[in-house]
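Undergrad: A predicted structure for the sequence below; I have some questions about it.
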Amino acid sequence: MTSVERAYVVSLTIPDNEAYTALTTLVRIGLPVDRAVRADVWIVTLDPARAGAVDAAVPTFEGMFNPNKHRLEIRADAAPRAGEVWIMPRDERPAITIGGRMIEGVHGVRRCTAWRLLDAHGADVPPALLERATEMFLCNPAFQEAIS
Amino acid sequence: MSARVAVVVFPGTNSEDETLRALAAAGLDAEIVHWSRGAAGLRPFDAYVLPGGFSYEDRVRAGAVAAHDEAMDAVIEGAQRGKYVLGICNGAQTLLEAGLVPGTGPLRRPTAAFAPNASGKFQSQHVYVRLNVSPGRMPMLASLPPRCVIPAWASHGEGRLAATEAELDRLQADGHIAFVYCNAHGDDVPAPNGSARGAAALTNAAGNVLAIMPHPERSERAVYAPSGGVVFFAAFAAALAAAVRA
């Protein structure tokens, strides 16, 4: 059975309190970060012939995406972009539903959180600083892994 | 002089009242102390209890933000000086995130976690936990009888002990797994949340810090369980009294 992975990346367009709390903690532990940006990521393994149908269905799942407060980005590859780190549970079994719905052609769904950290100029912080923030706070390696 | 216990409340803590009641019923001089009093406001206390709830709404990870709060500096310093620290449920998660328990790595660099339950769901149910180490291993509960069974209420979405296999072996070999899930007779049962090694609670090397997931304070009243968590808090009070006398 052939399958491909796609990422559905959902971020808030309204203020993100969780990201702000994370920023406050990062600053408290002494890291020079000006803004934290967070997104929920659904990594979906699916039948390539059904990709279009899944792409069309996902924006209608209100438990996952609300156009009044979310932005949805569909990525044809399930990998972090430059400047991003994905924090993923190590040992979670993939789900078979996405946004609480079962869709034909979807074989597995994993969730993770994407973080970007920005400096005062709105640019991504250097990779070493992102790595330090990940080690010190964003990831608990006892049950999570960081992918960048 | 009686021991003064701080019940440390972060934004989102929600079990401080019943925790305070359980401590008072055991004869302890306990008081609710909000995080906003900071480390300076916490330092004068003889012991700390971190109750359950959802500190900082579980943002980032359960207990992660509270673990880095400035107020926790006093709890960490106190633990390092031998003060007794008890974390229940979210308080337990916070102690693991702070690296105080099991304490096998640097501070605030966790080597273990109470991770999401294997069911993927929040679970709320009555459980029994059994003392899994010799009472002398944990001075803060030294008067408990060996293999003491404590009724408690498990109420969490993230209570599954997770760590590398090597770390789990180490925790087991070095007596860090303080309580395990059991039945009313003290026999082992599978952990309802899928916790590794059946662990319900972890302690540090010195045995002065305990992170327990199920709530003994919610079994403190007879309405929840006939013997309740009274035994648990009585042992804590006795240990504190002895520590203050010393």
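TA: Great, that's in hand.
Undergrad: what are the ranges of the strands in the chain?
TA: No chain in the question, so chain A it is. A:4-12, A:35-46, A:70-75, A:84-89, A:106-118, A:144-147 (DSSP state E).
Undergrad: that's the wrong chain, I meant chain B
TA: B:4-9, B:29-34, B:47-50, B:84-88, B:113-115, B:123-131, B:149-156, B:160-162, B:177-182, B:199-203, B:209-212.
Undergrad: would CSV of the ones you listed with mean neighbour count be doable?
TA: Bear in mind the C-beta positions are built from the backbone N, C-alpha and C, glycine included. Putting the strands of chain B into CSV (neighbours: other C-beta atoms under 10 Å in any protein chain shown) gives the following:
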stretch, mean neighbour count
strand B:4-9, 25
strand B:29-34, 18
strand B:47-50, 28
strand B:84-88, 27
strand B:113-115, 28
strand B:123-131, 19
strand B:149-156, 23
strand B:160-162, 26
strand B:177-182, 24
strand B:199-203, 29
strand B:209-212, 30
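Undergrad: for the strands of chain A, which one sits closest to chain B?
TA: strand A:84-89 (7.0 Å; C-beta to the nearest C-beta).
Undergrad: Let me have the strands of chain A in JSON lines, adding distance to residue B:236, mean pLDDT and mean neighbour count as columns.
TA: Formatted as JSON lines, the strands of chain A follow (distance: least, C-beta to C-beta, whole Å; pLDDT from 0 to 100; neighbours: other C-beta atoms under 10 Å in any protein chain shown):
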{"stretch": "strand A:4-12", "distance to residue B:236": "43", "mean pLDDT": "96", "mean neighbour count": "20"}
{"stretch": "strand A:35-46", "distance to residue B:236": "39", "mean pLDDT": "97", "mean neighbour count": "21"}
{"stretch": "strand A:70-75", "distance to residue B:236": "46", "mean pLDDT": "97", "mean neighbour count": "15"}
{"stretch": "strand A:84-89", "distance to residue B:236": "34", "mean pLDDT": "97", "mean neighbour count": "20"}
{"stretch": "strand A:106-118", "distance to residue B:236": "37", "mean pLDDT": "96", "mean neighbour count": "20"}
{"stretch": "strand A:144-147", "distance to residue B:236": "32", "mean pLDDT": "97", "mean neighbour count": "18"}
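Undergrad: The longest helix belonging to chain A close to chain B?
TA: Looking across chain A with DSSP state H, the single longest helix is helix A:17-28. Yes: using C-beta under 8 Å from any C-beta of the partner chain, helix A:17-28 comes into contact with chain B via A:17-18, A:21-22, A:25, A:28.
Undergrad: got JSON lines for the residues you listed, with neighbour count too?
TA: Below are those laid out as JSON lines (neighbours: other C-beta under 10 Å):
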{"residue": "A:17", "neighbour count": "13"}
{"residue": "A:18", "neighbour count": "17"}
{"residue": "A:21", "neighbour count": "18"}
{"residue": "A:22", "neighbour count": "26"}
{"residue": "A:25", "neighbour count": "25"}
{"residue": "A:28", "neighbour count": "13"}
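Undergrad: which residues sit against the longest helix of chain A?
TA: The contact list for helix A:17-28, computed with C-beta atoms under 8 Å, 6 or more residues apart in numbering or on different chains, reads A:12, A:33-38, A:115, A:117, A:133, A:137-138, B:56-57, B:59-60, B:64-65, B:68-70.
Undergrad: and chain B, which of its residues are near chain A?
TA: B:56-57, B:59-61, B:64-65, B:68-70, B:97, B:108-113, B:115-116, B:120, B:162-164, B:167.
Undergrad: Helices - which of those land there?
TA: Mapping those onto helices (DSSP H) picks out B:64-65, B:97, B:167.
Undergrad: neighbour-wise, which of those leads?
TA: Using other C-beta atoms under 10 Å in any protein chain shown as the neighbour test, these are led by residue B:97, with 30 neighbours.
Undergrad: picking up where we left off before, from the chain's centroid, how far away is the longest helix of chain A?
TA: Helix A:17-28 has its C-alpha centroid displaced from the chain centroid by 17 Å (C-alpha atoms, centre = their mean, to the nearest Å).
Undergrad: ok, back up a step: using ChimeraX, define a selection of the buried residues within the residues of chain B next to chain A.
TA: In ChimeraX syntax, the buried subset of the residues of chain B next to chain A is picked out as below (16 or more other C-beta atoms under 10 Å in any protein chain shown):
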select /B:56,59,60,61,64,65,68,69,97,108,110,111,112,113,115,116,162,163,167
